Every structure is written in C-alpha cells, then in structure tokens.
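> Sequence plus predicted model, see below.
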Amino acid sequence: MNNMTRRKLLCAMASVPLTSMLLGCDNPVPDEYLLAQKLNLDLTLSDINKAKSLLSLQPAIDTHAHPGRFFLDGVSSWDKSVDAFLAQGVNPDKIVEDMNAGGLAVACFSIVGDMKSLTFSRTGITATRAFDQGEAWVDYKRQIQTFNDILSNLPLDLVRGPADIPAHKGTNIGALLTCEGSDFLEGKIERLQEVYDDGVRSMIIVHYRTNEVGDPQTVAPVHGGLTPFGAELIKGMNRLGMIIDLAHASFETAKQAISFTSKPVMLSHSQLVNEESQHPRLITAQHARLIADTGGIIGVWPAGITQHSLVDYVDEIFKLIDVVGINHVALGTDMDVNFQPVFDNYRQLPLVTALMLKKGLTESETAKILGANFIRLFHEVVSV
C-alpha cells in the first residue's frame, strides 16, 4: 500500500481524534466529530454525517429556551441573589450562530412572566413576594420590546403559525415567542388578546410563583389546582389558538387544566422521576400519560438533576418513549438558564441526533423527536 492510499484510508476511517491537517486529508474533520471525541462519545464520522443529513431535511425545534438570556436585557439587579446570574451576560447574537451551526430550525424564545418576584438560592428558585399592581405587565412589555429588537437585528424569522416553519433547514432561524408564567395577566382575561397580538403562541400558565391561575410544582398548594380564572384562561387560549404549556404546573393543576381544554397540550421541559431523584420538577409516568392522552407532547429536559452526560439525556428520551410512545416526545432544552445542563450548546444537536439513531431509532422516528411531533401539535392548536 503506497503512502497516498494509506493516508486516504486513514481519513476515511477517522477513528481517532486527529485533525485533517495531521492526516493530510482533502476534507477537514467536522467540528462535531472533534466535539464527540472531546465528550467521549462512541460516534463515528458516518454516524455524525447521517445525523447532519437528517437535520438538513427535518426542521429541528426546541420547545423551550431563553436564547442568549434575552429576557434580561436592560434589567438591573432586583435582588442581591441574582447578581451572579446577571453577571453571565446577555448574548443572543452568539446563540443564533450556534443554532445555525448545530442545525436547529426553530427555537422558542421564552419571556419570564414572574421574573421580578424570583430569588435564587442554594435550594433553587423561589418567588418571595407579590407584585405591585401593574409591575409584571410593565416587565412583560419590556421583554416583548427586547424580543422585537433582536428579531429586527438578527437572522431570525417570527413564527406565528405552522406555515412559518420551513420544510427544510434554512439560513434564518425561526423564532417562536412564548411565555413562562402568565403572572402579567394579573387575572385580566382581556389582556390575553393583546398577548396573542404581540406574537405569543405558547404560554406556561404557572412558573415558580403561585399566581391567579393555579399551583406550581415546587411550592405547597394554595388553590388545590386550577382557579376559576385559570379555567377561563385555558378556554381563551383554545379560542385564540395558543399552546397551553403545563411545565411547572402541579399534577392537580395540570389535571384540571386538561379537563377544560378542547385541544392537545404541551409540557415543554421535564423528565421522569427515578430512583436517583424525586425532585418536584420531575414528573411521574401517570403525569406524562395525562399529557400524551390529550394528543400532546413532552419536551425532554437535559437538566443536571439526574443526568451527567449527553448519553444520559438520550437515555431519558428513550425512557419517555417507553412510557408515552414515540408520537408524544420532543426536545425541551431550557437553553441558557437550565440547571447544570448536559446539553448546553446547540452545536451539540447533531451529537444528540446521532446518539438517538445509534441507539436504535429510525430516521422517521428521530424526525418526530426533533420537530415533527411539535409541528403536528402546532397544526392542531394554533390558529392561522
């Protein structure tokens, strides 16, 4: 075997993390392959290329994220405990680059409805005070303005309905505006139309603060589930065509919300409880089936509560598939504000995709997780 043939063979195999310059290859080794090696993932160039090909054909959608912490733009510290969080900075420009590099097609840009009531501590995030009259609404409008500013200045296209989701990965990222917590409504259902007109197409009805809608997962119940205003909100969201997101909602709140909805619901970011953790943000199999039985979807959350690697994250996807079926599972990263995330950059999306394929999902099944399940829900819920 001559030296040229041997070098080409080495390049084709690419079984060790050597750069193309070292090997003298005509084609550079993809960044994703080098990243897989760095993360000690058992993935070949062929695995990664197959994943990237699928991502170019199937729009990949993140059902919950706070890209670049855009919602913090223009905020000064409202509590000493959040100084470290704010110190991480606001940088939506960089994350849009990462989305394109990783093959993401659509990201949910989530406003935080109860943000100025929250305190960060060693035990987690808690709401420590009531809002002044109108305070949450003013902060909501600030975040809307910030979103509109980045929409104008970055390669983003607003997603108002299913027709705005491209059939294939394009150069611009689809930006779907969502809200985490409905606290800014302040019990005024007439505000919901304005929220819809602002472009919001999905809303988590409760976050960390017990609000006028119902009880969250992480504090002792006050309402015993959904309030009468909460029931009115569910019906109003159905009427307008907004996705009801039951992430953070207690089991009773979720169960009662589902009793009032006429359309499928979403739980954008969580994972199943297991022997390692009974953390209140995790859900039981019964809770997961409750969502799926509406025709809804659950975004698998890559939080470090029980996960330690991308392999663990993919394992969580398969566990949820076993419980609710392939048609009801999606990706929900909580990107940029997640707790010790194992999936912390969209450049890792091809690796997650490759791991799903290598673990046994077909391309069509993987496409459902990446975005097809969300698109189906979007068609069923959102008014055009």
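Nice, thanks for sending it over. Note that the structure is predicted; figures quoted are calculated from it, not measured. Numbering: from 1, shown residues only.
> longest helix anywhere in this structure?
Criterion DSSP state H: the longest helix present in the chain is helix 135-153.
> CA atoms only: put it into PDB for me.
What follows is helix 135-153, C-alpha atoms only, in PDB (Å, rounded to 0.1, in the frame of the first residue of the first chain):
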ATOM      1  CA  GLU A 135     -45.400  45.700  37.700                       C
ATOM      2  CA  ALA A 136     -45.500  42.300  36.000                       C
ATOM      3  CA  TRP A 137     -47.300  43.800  32.900                       C
ATOM      4  CA  VAL A 138     -44.700  46.500  32.500                       C
ATOM      5  CA  ASP A 139     -41.900  44.000  32.700                       C
ATOM      6  CA  TYR A 140     -43.700  41.700  30.200                       C
ATOM      7  CA  LYS A 141     -43.800  44.700  27.800                       C
ATOM      8  CA  ARG A 142     -40.100  45.300  28.300                       C
ATOM      9  CA  GLN A 143     -39.300  41.800  27.400                       C
ATOM     10  CA  ILE A 144     -41.600  42.000  24.300                       C
ATOM     11  CA  GLN A 145     -39.600  45.100  23.200                       C
ATOM     12  CA  THR A 146     -36.300  43.300  23.700                       C
ATOM     13  CA  PHE A 147     -37.600  40.300  21.600                       C
ATOM     14  CA  ASN A 148     -38.700  42.600  18.800                       C
ATOM     15  CA  ASP A 149     -35.300  44.400  18.800                       C
ATOM     16  CA  ILE A 150     -33.400  41.100  18.400                       C
ATOM     17  CA  LEU A 151     -35.900  40.000  15.800                       C
ATOM     18  CA  SER A 152     -35.000  43.100  13.700                       C
ATOM     19  CA  ASN A 153     -31.300  42.800  14.200                       C
END
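> buried residues in it?
By neighbour count on 16 or more other Cβ atoms under 10 Å, the buried set for helix 135-153 is Ala136, Trp137, Asp139, Tyr140, Arg142, Gln143, Ile144, Thr146, Phe147, Ile150, Leu151. For every residue, glycine as well, the C-beta is placed using N, CA and C.
> Check stretch 264-279 too.
Of the residues in stretch 264-279, Pro264, Val265, Met266, Leu267, Ser268, His269, Ser270, Gln271, Leu272, Val273, His279 count as buried by neighbour count, 16+ other Cβ under 10 Å.
> could you redo those as TSV and give each row distance to His64, secondary structure and pLDDT?
Shown next, in TSV, are those (distance: Cβ to Cβ, whole Å; DSSP: H, G, I helix; E, B strand; the rest coil; pLDDT from 0 to 100):
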residue	distance to His64	secondary structure	pLDDT
Pro264	16	coil	98
Val265	14	coil	98
Met266	9	strand	98
Leu267	10	strand	98
Ser268	4	strand	98
His269	4	strand	98
Ser270	10	strand	98
Gln271	13	coil	97
Leu272	17	strand	97
Val273	19	coil	96
His279	17	coil	93
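> you'd agree Ala127 is up against Gly113?
No. Between Ala127 and Gly113 there is no contact under Cβ atoms under 8 Å: 10.9 Å.
> who touches both of these two?
Jointly contacting Ala127 and Gly113 under the rule Cβ atoms under 8 Å, 6 or more residues apart in numbering are His207.
> Of these two, give the one with the bigger neighbour count.
Taking other Cβ atoms under 10 Å, Ala127 and Gly113 do not tie; Gly113 has more neighbours (28 against 22).
> Next, count neighbours for the spatially closest residue to the more buried one that is not a sequence neighbour.
When the adjacent residues along the chain are set aside, Gly113 lies closest to Gly181, with 3.1 Å between them (Cβ to Cβ, 6 or more residues apart in numbering). Here the number of neighbours of Gly181 (other Cβ under 10 Å) works out to 28.
> Output the lowest mean pLDDT helix or strand found in this protein.
helix 20-23 (a mean of 42; mean pLDDT, DSSP states H and E).
> follow-up on the earlier one: now the residue nearest to Gly113: how far from Trp78?
16 Å (Cβ to Cβ, to the nearest Å).
> swap in Ser182?
20 Å.
> Between these two, which is the more surrounded one?
Ser182 (29 against 15).
> who are the neighbours in contact with the more buried one?
Gly113, Met203, Ile204, Ile205, Val206, Asn211, Val213, Leu233.
> what about 10 Å?
113-114, 136, 140, 191-192, 195, 203-207, 211-214, 229-230, 233, 237, 245 (Cβ atoms under 10 Å, 6 or more residues apart in numbering).
> Look up the pLDDT of it for me, please.
Turning to Ser182, the model gives it a pLDDT of 98.
> can you give me the helices for the stretch 101-250 of the chain?
Along the stretch 101-250 of the chain, counting by DSSP state H, counting those that start in this stretch, helices occupy 135-153, 191-197, 228-240.
> So which of the ones you listed is nearest Met356?
helix 135-153 (30.4 Å; Cβ to Cβ).
> Show me what the closest one is packed against.
helix 92-102, strand 104-112, strand 156-158, strand 173-180, helix 191-197 (3 or more Cβ pairs under 10 Å, 6 or more residues apart in numbering; DSSP states H and E).
> mind running it again at 7 Å?
Contacts defined by 3 or more Cβ pairs under 7 Å, 6 or more residues apart in numbering; DSSP states H and E place helix 135-153 against strand 104-112.
> what about the strand it packs on, average pLDDT?
97.
> Would you mark the buried spots in stretch 52-70?
In terms of neighbour count (16+ other Cβ under 10 Å), stretch 52-70 has its buried residues at 52, 54-55, 58-70.
> out of those, which are inside strands?
Judged by DSSP state E, the subset of these located in strands is Ala60, Ile61, Asp62.
> nearest to His379, of those?
Among those, Ile61 lies closest to His379 (Cβ to Cβ), at 12.9 Å.
> residues contacting the closest one?
By Cβ atoms under 7 Å, 6 or more residues apart in numbering, Ile61 lies in contact with Ala105, Val106, Gly371, Phe374.
> Which strand residues bridge it?
Per DSSP bridges, the residues bridged to Ile61 are Val106.
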